[in-house]
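Show me how the following folds:
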Amino acid sequence: QVQLVESGGGLVQPGGSLRLSCAASGGTFSRLAMGWFRQAPGKEREFVAAIMWGGGSTYYADSVKGRFTISRDNAQNTVYLQMNSLEPRDTAIYYCAAKYGTVGKIVPHYDDWGQGTQVTVSS
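You can find the predicted model right below:
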C-alpha cells in the first residue's frame, strides 16, 4: 500500500497561484501513475490531472487545461500540481491518488489516496 500526503493548499485570490505537493511512501514511486482529483462541497470527486511513471505523458481535465501543470520528481517521490489563474470554481479539496500501471481518469481506477488539502479561491 502506498501512503500519500498532500500539502500546499490554502486561501488565494482569483487570478493567483498555488503549488500542491504530494509525497509518497511505501511503494515503488517510479512505477506509479499519479493523479490529482478534487471535490467541491455537494459534488462528486472529479479528475483534474494525471501523469505517467516517467513524467513524459500528462493528462488534464478540460476545465484546467492551460492553467494547471502536473509534474513529478521520482528522486523525491513527489508529485506536484502547479495551479495558475485560479478561479472561484477551483475551490475544492484536492486529493492525490496512486496506481500501478497506466493512468486513470476516474476514481475507481486508483488504489491509494491521500487525505486531501483544501484550496479556496476567494477575494
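
show me what contacts the closest residue to Asp90 other than its chain neighbours?
Sequence neighbours aside, Val121 is the residue nearest to Asp90 in space, at 5.1 Å (criterion: CB to CB, 6 or more residues apart in numbering). Where you see a C-beta, it was placed from the backbone N, CA and C, and this is true even at glycine. Residues near Val121 by CB atoms under 8 Å, 6 or more residues apart in numbering: Val12, Gln13, Pro14, Gly16, Leu86, Glu87, Pro88, Arg89, Asp90, Thr91.

Redo the residues you listed as a markdown table? Include distance to Gly26 and neighbour count.
Below are those laid out as a markdown table (distance: CB to CB, whole Å; neighbours: other CB atoms under 10 Å):
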| residue | distance to Gly26 | neighbour count |
| --- | --- | --- |
| Val12 | 31 | 18 |
| Gln13 | 36 | 10 |
| Pro14 | 37 | 13 |
| Gly16 | 33 | 15 |
| Leu86 | 31 | 22 |
| Glu87 | 35 | 14 |
| Pro88 | 36 | 11 |
| Arg89 | 34 | 10 |
| Asp90 | 30 | 22 |
| Thr91 | 30 | 17 |
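
And for stretch 75-91, what's in contact with it?
12, 14-25, 29, 34, 36, 38, 40, 48-49, 51, 63-64, 67-73, 94, 96, 119-122.

which residues in this structure form helices?
For the chain, no helices are identified by DSSP state H.

of the contacts of stretch 75-91, buried ones?
Among these, those classed as buried by neighbour count (16 or more other CB atoms under 10 Å) are 12, 18, 20-24, 29, 34, 36, 38, 48-49, 51, 64, 68-70, 72, 94, 96, 119, 121.

Give me the pLDDT for the residue nearest to Asp90.
Note on Val121: pLDDT of 98.
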